[in-house]
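Novice: Can you look at this prediction? I've put the sequence above it.
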Amino acid sequence: MAEVLGSIWWLIVALGLLVTFHEFGHFWVARRCGVKVLRFSVGFGSALYKRRGADDTEYVIAALPLGGYVKMLDEREGDVPADQADRAFNRKSLGARTAIIAAGPVFNLVFALFAFWLMFMVGVQEFRMVLGPPEGVAAEAGLKSGDEIVAVGDRQTQTFTHASIELLGYALDREPAPVTVVDAAGIERRLTLDFTRLPAEFDEERFLEASGLNLYQPQGRPFIERLIDGEPAQRAGLQPGDLIVSVNGDPVPRARDLTEVIQAHGGSGEPLDFLIRRGSDELLIPITPKKTSDSGQTRYVIGVYPFDPADRRFFTIFRYGPLESIGAALSESRRITVATLGLIGRMVTGDASLKNLSGPISIAQFARDSARLGLSRFLFFLGVLSLSLAILNFLPIPVLDGGHMVF
């Protein structure tokens, strides 16, 4: 139940921010163009809160936080007093009406850029695309364990996310993907992933697995890099820098083994004995894992992020100053925009599944998970979602802003 409530809460937070900013765009530009705004509503359905401002606009927070609207004075929707006719939306010029409608998605674009800018200011840690033992198409291409994909085609890929986005387009189109890889010794090679050999039907969300591209599993020891506030490990007194030696007597030699050991013992519902090395001291600390549900599967967690500094090759941290972050935010927005438009185009032609348009449940889960990973990951989620809303709202679909602009 706590997982469900947490997902709902972060869905409300995420959509509340984005919807408010979107509708404020319509509202702000409408007012600047001399249009009278009758109602500014965040959400649909029954009003939870309402008040009338000094500007005679009714401000509403409604029960369903899946959208919102700005209602403007318009002679096509009701009688308009003669002395206010010049403030009606339909009386404004074509340019003014277009600006008012376009303002919502434009403000979402601005929000996305701000979220990415702040993310790079805070600093975000990303996996590098370092590969484990390859299989299938990846093995046939000549990839080796320890290779890092640093470019796909002519696009540099500094992270796992960037490489995955670039490769997905080639995989969906069943086209050979030219890649540049660097091995552990720093030697660069250029290879081709023959995606024409992919199965006729494969799960798009697991295309890396279908291609035999396995992410390298770091072998480092389970030092605690960070704890999640309020989770079992923090409540039990674990600290960043602690080394987990064993759980209930089972040794934990590598960070990747910690999850497996917790899953093996967590179902008992009893406290597990964690042997912790803190400096020169060894401590035995009992911790009861928390039961969670992830995509319908039961998991047990204690709320830690293990990381060995020796594994630094497999990660990268992006942190820039205010001016550098502007360029990084623009680059990130461009990359995601190109990928999103490409995916939408493939869905229209039937080359990609409509399931790529995540619904409220998936968005709620993404919001919860990104919030748990810290501020930078939540900002990335907000930026991607806001950018997606901007792109979708510019499409010429009747119920969206793009459709209104066409009419």
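Specialist: Structure received.
Novice: From what I see, Arg277 and Val245 are in contact.
Specialist: Yes: if you go by C-beta atoms under 8 Å, Arg277 and Val245 touch, sitting 5.4 Å apart. To be clear about C-beta, it is placed using only N, CA and C from the backbone, and glycine gets the same treatment.
Novice: Between the two ends of stretch 50-60, how far is it?
Specialist: 4 Å (C-alpha to C-alpha, to the nearest Å).
Novice: Could you pull up the mean pLDDT of that stretch?
Specialist: Average pLDDT, stretch 50-60: 89.
Novice: Equivalent analysis for stretch 327-337, please.
Specialist: In this model, stretch 327-337 has an average pLDDT of 90.
Novice: contacting residues around it?
Specialist: With contacts defined as C-beta atoms under 8 Å, 6 or more residues apart in numbering, stretch 327-337 is touched by 109, 112-114, 116-117, 119-120, 162, 165, 318, 320, 383-384, 387, 391.
Novice: Can you list the buried residues in it?
Specialist: Of all the residues in stretch 327-337, those buried under the rule 16 or more other C-beta atoms under 10 Å are 328-329, 332-333, 335-337.
Novice: Check stretch 389-401 too.
Specialist: Buried residues in stretch 389-401, defined by neighbour count with 16+ other C-beta under 10 Å: 389-394, 400-401.
Novice: Now flag whichever of these is closest to Thr259.
Specialist: Using C-beta to C-beta, Leu389 is the member of the buried residues of stretch 389-401 that lies nearest Thr259, at 33.9 Å.
Novice: Quick check: phi and psi at that closest one.
Specialist: For Leu389, the backbone dihedrals (degrees, to the nearest 10) come out as phi -60, psi -40.
Novice: Nearest residue to it in space, please, no chain neighbours.
Specialist: Asn108 (4.8 Å; C-beta to C-beta, 6 or more residues apart in numbering).
Novice: pretty sure that neighbour is touching Leu387, no?
Specialist: Yes: counting by C-beta under 8 Å, Asn108 touches Leu387, with 7.2 Å between them.
Novice: quick one on the thing from earlier: roughly how far does the residue nearest to Leu389 sit from Ser388?
Specialist: Distance, Asn108 to Ser388, by C-beta to C-beta, to the nearest Å: 9 Å.
Novice: again, but for Leu168
Specialist: Counting by C-beta to C-beta - Leu168 and Ser388 are separated by 15 Å.
Novice: What are the boundaries of the helices in this protein?
Specialist: Using DSSP state H, the helices of the chain run over 2-32, 94-122, 136-140, 160-173, 207-211, 232-236, 255-266, 322-349, 360-372, 375-394, 401-406.
Novice: helices or strands next to the third one in the packing?
Specialist: Put plainly, it is helix 136-140. Helices and strands touching helix 136-140, by 3 or more C-beta pairs under 8 Å, 6 or more residues apart in numbering; DSSP states H and E, are helix 207-211.
Novice: ok, residues contacting the helix it packs on?
Specialist: Applying C-beta under 8 Å, 6+ apart, the contact partners of helix 207-211 are 136-138, 164, 167-168, 171-172, 193, 195, 198-199, 202-203, 214-215.
Novice: The same query, at a cut-off of 10 Å, please.
Specialist: For helix 207-211, the surrounding residues in contact (C-beta atoms under 10 Å, 6 or more residues apart in numbering) are 129, 131, 134-138, 141, 143, 160, 163-164, 167-168, 170-172, 177, 193-195, 197-199, 201-204, 213-215.
Novice: Please name the nearest non-neighbouring residue to Val19.
Specialist: Gly68 (4.5 Å).
Novice: What distance do you get for the residue of the chain most remote from its centre to Arg31?
Specialist: Here the chain reaches farthest from its C-alpha mean at Ala82, the gap being 49.0 Å by C-alpha atoms, centre = their mean. Per C-beta to C-beta, Ala82 is found 21 Å from Arg31.
Novice: Ok, Met347 next?
Specialist: According to C-beta to C-beta, Met347 and Arg31 sit 37 Å apart.
Novice: So, low pLDDT: which residues of the stretch 301-407 of the chain?
Specialist: 308-313, 349-373 (pLDDT under 70).
Novice: same check, this time on the chain
Specialist: Scanning the chain for pLDDT under 70 picks out the ranges 1-8, 202, 204-205, 294-296, 308-313, 349-373.
Novice: sorry, back to before: tell me which of the helices of the chain lies nearest to Pro306.
Specialist: Closest among the helices of the chain, using C-beta to C-beta: helix 255-266, at 4.0 Å.
Novice: how about the residue nearest to Leu389, what does it touch?
Specialist: Applying C-beta under 10 Å, 6+ apart, we find Asn108 in contact with 18-19, 21-22, 25, 385-394, 401.
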